[in-house]
Each structure stands twice: as structure tokens, then as C-alpha cells.
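Q: Coordinates for the following, if possible.
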Amino acid sequence: MRFIARNMFVRCSLLLPLLIWLAPAQAALERVDDFALLDQHGEFHQLSRYRHMRALAVMAYSADCPAMAEMAARFEDLGDAFGDRDIAFLYMDTQGLDRGQLRGLELELPILDDGGRLVSAALEFGQAGEVALLFPERLSLFYRGAAGAGLERALDTLGADGIEDSIRASLDAGCPLEFPAREAMLAEPPDYASEVAPRIIENCGMCHRRGGVGPFALDSHLMLLGWSPMIREVLLNKRMPPMQVDPYGGHSADAQYLAVEDLQVLVNWIDAGAPGPAGEADPLLALAEAPPLDWQLGEPDHIVQAPRQDIPPVGVLDYTYEEAELGLGGEQWVRALQYLPGDESVLHHLMSFVTGDGEDFWGAERRQENSTRRFLDGYAPGQELLREFPPGTGVRIRPGEKLSMQFHYVTNGQSTSDATRIGLYFHDEPPEREISTSAVSTRFLLPPNVPEFPLRASRSLERDVVLTGVRARMNFRGKKMKFAYQAPGEPLREIFSVPAYNYGWQPYYRLDEPLAIPAGATLHVIGAFDNSISNPNNPNPDAELRFGVESWEEMFTGYFTYHHEY
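A: Model (predicted):
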């Protein structure tokens with residue numbers, strides 16, 4: 001009944017004088033910035049990743065506005081009426097509410113968490129209830145106005161060819177929106193030396209420095225100013241920082257979170273003209289010269305020298321697989337390890353497993369959906385080079401076993417070579433608990449041109465474990481992956497979530513708080529592929545693919561690293 005009544009209101013509103021089509025002004029389609037946000041359920045939404053849809057309708061939502069319920073009802077009715085025409089409907093939170101508050105609104109449609117209110121400002125929302133109708137393919141605005149007759153008319157015209165003009169319609173009695181933090185920063189920009197440069201050093205300096213893997217160095221105000229349009233772009237669409245995890249779904253220091261306040265300072269400083277230091281020394285000059293890398297725990301007990309790799313100046317490189325014989329003689333237990341890249345500017349990531357005779361890097365994963373591996377650790381830009389395992393734990397290496405490594409290199413315009421070393425530190429005596437990794441996967445047939453192909457995989461635990469980290473692994477069409485477990489007789493519990501998976505970034509996330517999971521519990525991996533034109537990494541959305549471990553195939557594997565008594 002509610003749907004019918006609301007639909008009648010929308011249709012009949014065409015006859016009401018206050019909501020009729022009021023000869024709206026037209027202008028050339030306005031370009032809008034690409035943006036990305038999570039919703040109240042932790043799902044990732046990016047304007048440019050709606051390319052498979054004809055349009056995206058976004059309503060500015062404020063729970064404090066008395067007229068919000070009525071305006072939202074109209075908007076949802078239009079969503080019901082036009083939902084089968086490849087048009088998506090979303091709300092945008094304009095109050096900066098947290099996840100719990102957003103869920104408490106109990107809305108039928110997703111509401112995007114715009115904590116810093118930067119996207120709301122970028123879309124130039126002026127009133128609660130205002131709707132922006134966007135073309136994802138062209139990153140442009142078609143309609144701005146109320147969720148009434150004007151929006152319905154605009155939605156009806158979306159099937160027409162040659163739309164070149166934006167439409168602005170009158171607004172209903174919404175509530176004016178204000179952005180005091182942004183207005184204050186635009187009027188008096190954040191101080192470069194004390195507020196901007198320290199944030200760049202902390203969040204960007206590890207990669208964007210001379211000799212780092214970042215494609216440019218941010219080692220002066222001049223460099224920062226020159227790259228500021230791109231910096232603004234990648235902050236708003238969440239390409240950077242590159243490891244986009246849900247801050248409400250578990251926590252790991254490896255995730256490179258960027259606080260809301262940091263985003264506000266950087267974006268608003270750029271929009272204010274990116275003013276530089278007022279006569280004082282430039283703090284970013286500290287990034288000009290990186291200190292030489294060295295062994296942080298002293299000389300390792302054993303150094304693995306990876307084979308030298310010659311890297312061309314340009315091109316996209318596939319993964320490289322190498323093996324290193326260890327020749328340790330007797331059994332050893334690794335308590336810590338450190339990576340020393342030969343050339344940080346081209347080594348993008350490195351994964352290493354302990355493997356036995358006849359095994360390659362993938363081991364039993366090639367033939368089994370669930371397998372137990374000995375993952376040593378991974379290297380990724382921006383993370384600590386030294387990895388120390390929890391006290392009383394270690395990775396076992398038996399006589400005759402080797403190290404199998406996967407390298408991912410990027411080109412930087414110069415011919416170079418990399419000869420990475422891995423330093424291993426051993427326990428004097430065997431520890432009480434062994435570190436293992438459970439690879440949980442499933443087999444599938446991925447159809448073409450599907451923007452969301454859901455998958456899940458699971459594995460039961462035979463013993464008590466303490467979970468210390470997770471890693472998501474898909475290929476180019478990976479979209480998202482969530483890690484969870486369910487103990488007998490209990491509800492499903494989320495451990496960690498990667499809602500914006502990127503094949504180019506596959507870090508291992510060490511949990512800030514290890515998690516005890518009892519025997520009999522089931523580990524779950526829940527996620528999806530995007531095999532459509534909306535996936536910017538997709539080499540061919542028309543392809544049908546089966547499971548496989550090679551880069552031209554697709555895989556769906558979640559890794560759970562834990563320790564237990566052996």
C-alpha cells in the first residue's frame with residue numbers, strides 16, 4: 001500500500017501547480033568530479049564504476065530537515081518506477097554521520113558516507129532533498145533539482161540520443177546546507193608547513209620520494225603544487241591511498257587509512273589555491289633523500305638472494321615467479337624476516353611461500369579449493385620492511401624445502417634491474433606454535449558483461465587457532481572480498497573487508513588485534529567479480545572465464561594466516 005500511495009502521489013504531482021515543469025534553464029552538460037564512498041553497509045560506490053548504468057541519481061540527505069521524509073518518499077518512488085531502466089538511485093549523507101547513525105536511519109536505498117562532506121560540496125549541493133542526476137560514462141550532470149515532476153521528466157528523456165544540455169529545476173521547501181569546515185578552510189587555508197606537509201610526509205612520503213615506487217616525488221611545495229589537481233582527484237575517487245578497506249570492518253595498520261580530517265585539510269587546501277610556506281623552510285625537502293636501507297635487527301641468520309630481474313623502461317609487466325634453494329641443513333623456525341628491495345622504484349610487491357619438493361609458488365592451490373600453506377610474508381610499498389612474528393610463534397622450514405616467490409614490477413621510464421634480498425631470523429629453539437595459512441577458494445565460471453557476480457567459499461577449522469592476518473586474491477575482474485567466520489551456534493562475524501579490490505595492490509593485512517577462533521568454526525570468504533565495462537582494470541568484459549591461477553584467468557581465494565599448537 002505504501003508503494004501504491006507514494007506512486008500515486010508522484011504521478012498526480014504532475015498536475016500540481018507548485019511542482020509542474022517550470023520551463024527550467026538549460027546549459028551545456030556540466031562536468032563533475034569522479035568520486036567514491038562507502039555506504040551504510042560498507043559497500044563501495046564510485047561514479048565512474050556505474051558505466052554499465054544509464055544514469056546515477058543522488059539525493060542530498062539530511063535527517064534534520066523536517067521535509068526530508070516526504071522528499072525521500074518521492075525519490076524512492078521514482079527509484080521503484082525507473083529501477084528497471086538501468087538507473088541507480090542513492091542518497092548522500094550531508095551531515096557527516098557515522099556508520100551506526102547511517103544504519104539507524106533504516107533507509108531503503110544505500111546512503112553514501114560522506115564523512116568529510118567533501119563530495120557533497122564538490123557536487124554543489126545547496127539544499128537537503130536536492131537531486132543530481134549524473135551520467136557515469138561522461139562524468140557529467142544532466143539534471144539538478146527536486147525529486148518531483150522535473151526529475152521524472154528528466155528520467156523519461158534519458159533514452160533519447162544526443163543529450164547535450166543540463167537541466168536545472170526549482171527546488172521544493174528543502175533545508176539549506178552549510179559546509180562550515182570547508183568555508184573556514186577556503187577563507188583561511190590550512191598552514192602548509194604545520195598542517196599540509198606533515199600529512200603528505202606521513203601518508204604519501206614512503207612511495208612518493210626520490211627512489212620510491214611512486215611515479216613522482218612530492219619533495220617540495222613546487223612539486224606538490226604541480227601535482228595538486230591529480231592529488232585532489234585520487235583522494236576523491238579513492239585511488240589513493242591505494243589499499244581501500246572498510247575502516248568499520250576490522251582494522252590493520254597495513255591498510256594505510258586516511259582520516260577524514262586529513263582529507264579535509266588536503267582537499268580544501270588545494271581548492272584554496274595550495275598556498276606555500278610563508279618564508280620558513282619547506283618540510284617536504286626531507287623527502288628528497290631517502291636514508292639507505294639496512295638490516296634493522298642486525299645481520300640475518302640467513303639471506304635469500306633472489307635472482308636478478310632486468311626491468312625495461314616502459315610497458316606493463318606480468319608477474320614473475322622465482323625459486324630460491326635455502327640449503328639450511330636442518331629444520332629451522334623463522335621468527336622474523338626483512339625485505340631489502342634492490343630497486344624500490346620498480347618493485348611493486350613480492351609474495352613468498354615455503355614450498356616442498358615438486359611444488360611451485362601455488363602449491364596445492366592449483367588442484368584444491370582448500371589448502372594449508374606456509375606463507376612467509378609479503379612486501380608492498382608503504383609497509384614496514386621488517387616483519388616480526390608474535391612471540392612464541394614461527395614459520396617452519398624443513399630440510400630440503402625452498403622459497404617460492406612472486407614478483408610484480410612496474411616500469412618507471414628507465415632501464416634498471418632488481419636483486420631483492422630477504423633476511424631470515426631464526427628461533428634458537430622451536431617455538432610452541434606454528435604459523436600456517438589457509439587458502440580458501442572456490443571454482444566457478446564467470447560470465448561476460450556482469451557488473452556483480454557474487455561468490456563465496458568456506459572451510460571448517462579442525463583446531464583452535466589465533467588469526468593474525470588476511471589477504472584477498474583475485475585477478476583483473478575482482479571487485480570486493482570480505483573475511484568472516486561463524487562459530488557453532490553463533491551468528492556470522494565479520495573479520496575484515498576489502499570493498500574496493502584492486503588487482504594492482506594485494507597487500508597482506510596483519511590484524512591489529514589477533515582473533516581467537518574455536519575448533520569447529522567455519523571460515524568464510526564472501527565477495528564478487530565485476531566483469532563489465534565499469535571495471536577500469538577489465539581487459540575484456542566480453543570474455544567468459546574459468547578458475548585459474550594465471551593472470552589471464554580468474555581466481556577467488558582468501559588467505560587466513562593463524563598460529564596454533566603443532
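Q: which residues of the protein score low on pLDDT?
A: 1-27, 159-165, 170, 172-173, 289-290 (pLDDT under 70).
Q: In terms of secondary structure, what does the longest helix seen in it contact?
A: As assigned by DSSP state H, the longest helix anywhere in the chain is helix 68-82. Here helix 68-82 touches helix 2-12, strand 55-61, strand 87-93, helix 149-156, going by 3 or more Cβ pairs under 8 Å, 6 or more residues apart in numbering; DSSP states H and E. Where you see a C-beta, it was placed from the backbone N, CA and C, and this is true even at glycine.
Q: List the neighbouring strands of the second one plus their orientation.
A: The partner list of strand 55-61 in its sheet, established with DSSP bridges, is strand 87-93 (parallel), strand 131-135 (antiparallel).
Q: Strands of the stretch 101-250 of the chain, start to end?
A: 111-112, 131-135, 140-145, 165-168 (DSSP state E, counting those that start in this stretch).
Q: partner strands of the last one, parallel or antiparallel?
A: It stands for strand 165-168. strand 25-28 (antiparallel), strand 140-145 (parallel).
Q: Past the shortest one, which element shows up next along the chain?
A: Beyond strand 25-28 on the C-terminal side, the first helix or strand identified by DSSP states H and E is strand 30-31.
Q: Could you please name the strands whichever helix or strand comes after that following strand pairs with and the direction of each pair?
A: Toward the C-terminus, strand 30-31 is succeeded by strand 36-38 as the next helix or strand (DSSP H and E). Strands that pair with strand 36-38, judged by DSSP bridges, come out as strand 44-46 (antiparallel).
Q: any residues touching the strand it pairs with, and which ones?
A: For strand 44-46, contacts defined as Cβ atoms under 8 Å, 6 or more residues apart in numbering pick out 34-39, 90, 110, 112, 237-238, 244, 480, 499-500.
Q: Mean neighbour count and distance to Gly469 for the strands of the stretch 101-250 of the chain - can I get that in a markdown table?
A: Written out in a markdown table, the entries for the strands of the stretch 101-250 of the chain read as follows (neighbours: other Cβ atoms under 10 Å; distance: least, Cβ to Cβ, whole Å):
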| stretch | mean neighbour count | distance to Gly469 |
| --- | --- | --- |
| strand 111-112 | 23 | 29 |
| strand 131-135 | 23 | 38 |
| strand 140-145 | 21 | 42 |
| strand 165-168 | 17 | 48 |
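Q: Not counting residues beside it along the chain, what's closest to the residue most central in space within the chain?
A: For the chain, the residue nearest the mean C-alpha position is Gln244 (2.2 Å; Cα atoms, centre = their mean). Among residues not flanking Gln244 along the chain, Ala500 sits closest, at 3.7 Å (Cβ to Cβ, 6 or more residues apart in numbering).
Q: okay, now that neighbour: neighbour count?
A: Ala500 has 23 neighbouring residues, counting by other Cβ atoms under 10 Å.
Q: Show the contacting residues for it.
A: Ala36, Phe44, Gln46, Lys238, Gln244, Lys480.
Q: three-state assignment of it?
A: Put simply, Ala500 is coil when judged by DSSP: H, G, I helix; E, B strand; the rest coil.
Q: Which secondary structure state is assigned to the nearest residue to Leu445 once chain neighbours are set aside?
A: In this structure, Leu445 finds its nearest non-sequential neighbour in Arg546, 5.6 Å apart by Cβ to Cβ, 6+ apart. What three-state DSSP gives for Arg546 is strand.
Q: quick one on the thing from earlier: right, and the residue nearest to the centre of the chain touches Val498 too?
A: Yes. Taking contacts as Cβ atoms under 8 Å, Gln244 lies within contact range of Val498: 7.3 Å.
Q: how far away is Ala146 from Glu178?
A: Noted for Ala146: a distance of 19 Å to Glu178, by Cβ to Cβ, to the nearest Å.
Q: Which residue of the two possesses the greater neighbour count?
A: Neighbour count, other Cβ under 10 Å: between Ala146 and Glu178, Ala146 has more, with 23 against 11.
Q: For Leu123, see how far away that one is.
A: For Ala146, the distance to Leu123 - Cβ to Cβ - is 15 Å.
Q: Tyr321: what's it in contact with?
A: So Tyr321 contacts Asp360, Phe361, Ser404, Met405, Gln406, Phe407 (Cβ under 8 Å, 6+ apart).
Q: Please, where are all the strands along the stretch 301-450 of the chain?
A: Remark: strands assigned in the stretch 301-450 of the chain by DSSP E, counting those that start in this stretch are 302-305, 309-311, 320-325, 332-340, 347-355, 370-379, 386-388, 393-397, 402-409, 416-418, 421-426, 433-441, 445-446, 450-460.
Q: Grab the nearest non-local neighbour of Val549.
A: Closest residue to Val549 apart from its sequence neighbours, by Cβ to Cβ, 6+ apart: Trp362 at 5.0 Å.
Q: Please name the residues that touch Gly363.
A: Residues near Gly363 by Cβ under 8 Å, 6+ apart: Phe353, Thr355, Ser371, Arg373, Ser404.
Q: Likewise for Leu139?
A: Applying Cβ under 8 Å, 6+ apart, the residues near Leu139 are Arg31, Val32, Asp33, Asp34, Leu47, Ser48.
Q: these two touch, right, the first one and Ser140?
A: Yes. A contact is recorded between Arg31 and Ser140 when judged using Cβ under 8 Å, the distance being 5.5 Å.
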